[in-house]
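Q: dropping the sequence and predicted coords here.
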Amino acid sequence: MENKNYLFSKTTLAFYPLILLEDFKKSATLPDDAIPVSDDIRDTFNASPPAGKVLATDDAGMPVWGDKPQSALVLDAEFLRSMKIDAANTYMNNKQWPGKAALGRLKGDELAQYVRWLDYLDSLYAVDTSTAPGIAWPSLPS
């Protein structure tokens, strides 16, 4: 027999432990649509969702993994691009390349490497995040 120690609400997309049922009722914080679910279901859907998925509900109000909305995928891609840009700028600044370039002190291999990193930054800025999740991210320079 399955343990059913939780309730799930499709309106709040949240799990409520039955052990706190009286507290939820007293504080009027238990949604009217809360239904009993097994501990296994709670454990499955209380975890991080698979890539590209979010917690959703089926027609019966049970939790399921649904597709992440396109707008959220775009925001994720914009965040990732920002992180990649920040990491590239930090790398180049730690090498002091911008200052050395301004003073004409970059030569040979060091100049070539700096140019590859600048090209990488240009490629990151050119990424069309509206095509998420199907983005072919540029590779780190060698």
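A: Received the coordinates, thanks.
Q: run through the residues that contact residue 2.
A: Residues near residue 2 by CB atoms under 8 Å, 6 or more residues apart in numbering: 38-40. No exception for glycine: its C-beta is placed from N, CA and C like everyone else's.
Q: now these as a markdown table including neighbour count?
A: Listed next are the contacts of residue 2 as a markdown table, based on neighbours: other CB atoms under 10 Å:
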| residue | neighbour count |
| --- | --- |
| 38 | 15 |
| 39 | 13 |
| 40 | 11 |
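Q: just for the chain, where's the confidence low?
A: Residue ranges of the chain with pLDDT under 70: 1.
Q: residue at max distance from the center of the protein?
A: Relative to the centre of the chain, and counting by CA atoms, centre = their mean, the farthest-placed residue is residue 104 at 40.9 Å.
Q: would you check how far apart it and residue 111 are?
A: 10 Å (CB to CB, to the nearest Å).
Q: for residue 73, same thing?
A: Distance of residue 73 to residue 111, given as CB to CB: 38 Å.
Q: so if I had to pick from these two, which one is more boxed in?
A: For residue 73 versus residue 111, the count of surrounding residues by other CB atoms under 10 Å is larger for residue 73: 19 against 14.
Q: and that one, what element?
A: Element membership for residue 73, per DSSP states H and E: helix 70-94.
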